[in-house]
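Engineer: one predicted model, sequence on top.
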Amino acid sequence: MPTRCPICGISIENAKRHLRRYHRISVPSEDFARSILALYRISRKSGEIIPLVPLEEWRYEDFLKAMNILGKASLPLRRKIVIFEPLSKFFAERFPAKIIEDFPRLVKEKERAIRALAFITLTFVPSEDAVRSIIELCDRRKSAFLEYIVDLFQRFKDSLKAHIKEAIDSDKIPSPSCVFKGVFIAYPNILVELIEYLNQKAPPERIEFIIEELSELFDYMAAFPKRYFALRPAKNALLISAKAKFFGNLEVQIPEERLDRMVRQYILLTKIDDLWSRLYYHCQRLRRSNIYEQIKGIATTETPFESLLLKIGEILSNYPETHLAIGDVSTNEYLEALNDLEGDYLRGFFLYIMADINLKTGHLERALSLMEKFEEIVKRSYDYVPQALLVKAIVQEFLGLHEDALKTYRRLDEMKASWETLLLNKARLYIILGKYNEVKSILSEIPTNTTYKLILEALVAEKTGDLSSLASQKEKLSKYVFTSDLQRAFKLLVATEFMCYCLYQKALGVIWADKELRRIFLDIAILACPRHMKMILQEASKKFPDDKLLNYYLGVIAIEEERYEDALKLFENAEGADKKPLLVNKLLAAIMIGADDIAERIYLDLKNITDADEVIKLAIIHYLMYKKNFSDAYNELSKIRDLLDYEYYLALKRDIMRKRFTIDKYIYYIASRDIEETVCPLLSVPVD
């Protein structure tokens, strides 16, 4: 697709040809030319100038300037790297000595984007010195640039082992796992020798760190398909790193058959854990993930452990509708699977995952019993222990065991565990216990301002009498949770948490006595939680069959399912929703089932609304189209033309001019009031 040159403004079909013809700049490829033009475009926006001369005439300082301009640009890091890569290759060959001398400092000291650009430039330097520099700069975060590390290692394959051993001898490898990941891809034949050499040379105070690094390497390798380990060197590397992962000791003597079985069991556990996490946390995506279909190809029914995984996977594939079925899994099935597993690491990992699944499907007592069994087995601080203890703390809180939950959080404090979900859950418990000063300290560790954090901060400010910014906090929150009452806002959080754990009755118990809170909760749920909305409405309808506000939300769901006759009956019996949403939605249902008398009555009611907005006007226009009064429909559309998206206006106008009635452009309400789209208050979405 043609674009305009940022230098001369001429339309470009072929960037390489354009640069050569109009600007006397020759580059080897079209991608290179596109990168040059993108860089010129960015430099012009920044107000800084880079030389408009052939690249051969650029000085080293010009290259540094271009890198700094790109580093400061408001672009995603990956896009910056794509733009910069052709230049970094070119100048790495032109100024290798200067880059080897200067760029390690940039990788260590500069801001994130410059560090990344400098690092990948070093990998393109055609020198043994580049291998040494990259090895010494490889911390864990550099795994993001593994493709560049691998490319460098492959170019200097013959001397790679010597360089890594030299770095080990001088203790200059920040992250052995990062370096060894590169070796695994570039030259797996030497990996076991390097792992053993690292283990032999490590001083006692570094052993724990080395084991952590090798465990990280194992996780990386275990994610590869089985065919990668057909060659013995790769298989041996996987098995030796498995010893670090499962036993924390490379010297332990384990039969290979048993170690193979442990690796297989671990891969299956990580698979179901990953699939379950993706399903649970991607709640805003309506696409279902069939967990059973994705694990049946690698699991069998030949062992109790794998049979249970297949059963759990099949149930979770229809989550949350099948959440109750998780409770039908018997204690004996868990115990048989547990006994089938090899070693405490895998048994603990299994119990943690099963407890997490039971917690998030609303089976609190079973989750707690699984965690009690976990505590009996797990005596070491395995890498998953902090996440498992968070599951335990949440279960304890939800069961009302607040003091026990507090003790569990204190254990997590001793481990120095700290991530956003943990901190928010801990803060919520501390508010329940009235420990407001502690909450302040907890929230100060969370850098992102989310709705959840803002509610807790404002509530703490109110409780502690810190009124300096309370009014503005309340005003800000009212935009997201439709109330400035902080007790209501906190209850909204708690109820939403319960809903997301399939604890629908607990959620209803929090909000039902307060009619306004009930409405706020249901408005946010129907707008922001398509996964659980139908489930909680079904539970509410069973428990409160005479509640007329529920009829409004059930009517909206009926419209979305094109059950218009049911929708009309529900809207006719709804109370508590605002007049506009109720009338607009009811008119749609009446039109779609041909209830002309009801539709006419609603049409007249809409016409009599004095502050009618474009949604009401559009409902009126659609009624006129339905009655084949296209001239009046066109007149009404002309009055609100400037309020509508132009493409929407043209499409509706086209239907009117063709005298074609359709509801494709009908806008109906979801919430019971006229509010903009909102987000779930539990989501980690930054707010202003």
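Structural biologist: Now that the structure is in, tell me what you want to look at.
Engineer: output the below-cut-off pLDDT ranges for the stretch 251-400 of the chain.
Structural biologist: When residues are selected by pLDDT under 70, those of the stretch 251-400 of the chain lie in 284-288.
Engineer: any low-confidence regions in the stretch 551-688 of the chain?
Structural biologist: Low-confidence segments of the stretch 551-688 of the chain, defined by pLDDT under 70: 677, 688.
Engineer: and the spatially closest residue to Ser684 that is not a sequence neighbour, how many neighbours?
Structural biologist: Nearest non-adjacent residue to Ser684, counting by C-beta to C-beta, 6 or more residues apart in numbering: Thr450, 5.4 Å away. (C-beta placed from N, C-alpha, C; glycine too.) Other residues lying near Thr450 total 20 when counted by other C-beta atoms under 10 Å.
Engineer: check what pLDDT Thr450 gets.
Structural biologist: Note for Thr450: predicted pLDDT of 92.
Engineer: OK, contacts around it?
Structural biologist: Shown in contact with Thr450 (C-beta atoms under 8 Å, 6 or more residues apart in numbering): Leu683, Ser684, Val685, Pro686, Val687.
Engineer: the second one sits in which helix or strand?
Structural biologist: What it means is Ser684. Counting by DSSP states H and E, no helix or strand carries Ser684.
Engineer: how close does it get to Leu390?
Structural biologist: Ser684 sits 15 Å away from Leu390, going by C-beta to C-beta, to the nearest Å.
Engineer: tell me the mean pLDDT for stretch 207-225?
Structural biologist: Stretch 207-225 shows a mean pLDDT of 95.
Engineer: next SSE downstream of the top helix by length along the chain?
Structural biologist: Determined from DSSP state H, the single longest helix within the chain is helix 256-281. Of the helices and strands lying after helix 256-281 in sequence (DSSP H and E), the nearest is helix 291-295.
Engineer: got the angle between the one helix or strand Leu493 maps to and helix 256-281?
Structural biologist: Assessed by DSSP H and E, Leu493 sits inside helix 486-500. Here helix 486-500 runs at an angle of 130 degrees relative to helix 256-281 (axes from the mean of the first three to the mean of the last three C-alpha atoms, to 10 degrees).
Engineer: by contact count, what packs against helix 486-500?
Structural biologist: Helix 486-500 makes packing contacts with helix 420-432, helix 451-464, helix 470-481, helix 504-511, helix 515-528, helix 530-543 when contacts are defined by 3 or more C-beta pairs under 8 Å, 6 or more residues apart in numbering; DSSP states H and E.
Engineer: nearest to Leu310, out of these?
Structural biologist: Closest of the helices and strands packed on helix 486-500 to Leu310 is helix 530-543, at 23.6 Å (criterion: C-beta to C-beta).
Engineer: now for that closest one, which elements pack on it?
Structural biologist: Contacts defined by 3+ C-beta pairs under 8 Å, 6+ apart place helix 530-543 against helix 486-500, helix 504-511, helix 515-528, helix 548-560.
Engineer: buried residues, that helix. List them.
Structural biologist: The neighbour-count check on helix 530-543 (16 or more other C-beta atoms under 10 Å) flags Arg531, His532, Met533, Lys534, Met535, Ile536, Leu537, Glu539, Ala540 as buried.
Engineer: one step back: for the longest helix of the chain, buried residues please.
Structural biologist: So for helix 256-281, counting by 16+ other C-beta under 10 Å, buried means 259-266, 268-269, 271-273, 275-276, 279-280.
Engineer: equivalent analysis for stretch 178-191, please.
Structural biologist: 178-188, 190-191.
Engineer: what is the neighbour count of the residue lying closest to Ala599 once chain neighbours are set aside?
Structural biologist: Using C-beta to C-beta, 6+ apart and skipping residues adjacent in sequence, the residue nearest Ala599 is Ala590, 4.0 Å away. Per other C-beta under 10 Å, the neighbour tally for Ala590 reads 26.
Engineer: would you tell me what the next helix or strand after the helix or strand Ala590 falls within is?
Structural biologist: For Ala590, the element it lies in under DSSP H and E is helix 579-592. Next helix or strand after helix 579-592 toward the C-terminus (DSSP H and E): helix 596-607.
Engineer: residues in contact with the helix or strand following that following helix?
Structural biologist: Scanning forward in sequence from helix 596-607 by DSSP H and E, the next helix or strand is helix 614-626. With contact meaning C-beta under 8 Å, 6+ apart, helix 614-626 is reached by 580, 583-584, 587-588, 591, 599, 602-603, 606-607, 609, 612, 630, 632-633, 636-637, 639-640, 643-644, 652, 655-656, 661, 663, 665-667, 669, 674.
Engineer: ok, of the residues you listed, which come out buried?
Structural biologist: Using 16+ other C-beta under 10 Å as the burial test, the contacts of helix 614-626 include 580, 583-584, 587-588, 591, 599, 602-603, 606, 630, 633, 636-637, 640, 644, 652, 655-656, 661, 666, 669 as buried.
Engineer: how many neighbours does Ser484 have?
Structural biologist: The number of residues packed near Ser484 is 17, by other C-beta under 10 Å.
Engineer: roughly how far does it sit from Lys543?
Structural biologist: According to C-beta to C-beta, Ser484 stands 29 Å off from Lys543.
Engineer: now Lys506
Structural biologist: Using C-beta to C-beta, Lys506 is found at 12 Å from Lys543.
Engineer: repeat for Leu422
Structural biologist: For Leu422, the distance to Lys543 equals 33 Å [C-beta to C-beta].
Engineer: got it, and Glu562?
Structural biologist: 27 Å.
Engineer: quick one: the helices in the stretch 251-400 of the chain?
Structural biologist: Under the criterion DSSP state H, counting those that start in this stretch, the stretch 251-400 of the chain carries helices at the ranges 256-281, 291-295, 304-316, 323-326, 331-340, 343-360, 364-377, 385-398.
Engineer: so can I have CSV of those helices showing distance to Pro28?
Structural biologist: As requested, the helices of the stretch 251-400 of the chain are exported to CSV (distance: least, C-beta to C-beta, whole Å):
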stretch, distance to Pro28
helix 256-281, 41
helix 291-295, 43
helix 304-316, 50
helix 323-326, 58
helix 331-340, 58
helix 343-360, 50
helix 364-377, 59
helix 385-398, 49
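Engineer: wait, which of the ones you listed is closest to Gln473?
Structural biologist: Short answer: helix 385-398, nearest of the helices of the stretch 251-400 of the chain by C-beta to C-beta, at 25.1 Å.
Engineer: and the closest one, how far from the chain's centre?
Structural biologist: Distance, stretch centre to chain centre, for helix 385-398: 21 Å (C-alpha atoms, centre = their mean, to the nearest Å).
Engineer: and His163, what pLDDT?
Structural biologist: Reported pLDDT for His163: 97.
Engineer: kindly report the same for Lys474.
Structural biologist: For Lys474, the predicted pLDDT is 88.
Engineer: that one touches Gln487, doesn't it?
Structural biologist: No: judged on C-beta atoms under 8 Å, Lys474 makes no contact with Gln487 at a distance of 11.8 Å.
Engineer: who has more neighbours, those two?
Structural biologist: Each of Lys474 and Gln487 has its neighbours counted (other C-beta under 10 Å); Lys474 has more, 18 against 12.
Engineer: contacts only, for the more buried one.
Structural biologist: The contact partners of Lys474, taken as C-beta under 8 Å, 6+ apart, are Ala458, Ser484, Leu486.
Engineer: likewise Asp547?
Structural biologist: Ala540, Ser541.
Engineer: Glu539 versus that one, what's the distance?
Structural biologist: Asp547 is 12 Å from Glu539, by C-beta to C-beta.
Engineer: burial count for Pro76?
Structural biologist: If we define neighbours as other C-beta under 10 Å, then Pro76 has 10 of them.
Engineer: once you drop chain neighbours, what's closest to Ala388?
Structural biologist: Leaving out its chain neighbours, the residue that sits closest to Ala388 by C-beta to C-beta, 6+ apart is Tyr352, at 3.8 Å.
Engineer: verify the stated contact: that neighbour with Gln387.
Structural biologist: Yes: with contact defined as C-beta under 8 Å, Tyr352 counts as touching Gln387 (6.8 Å).
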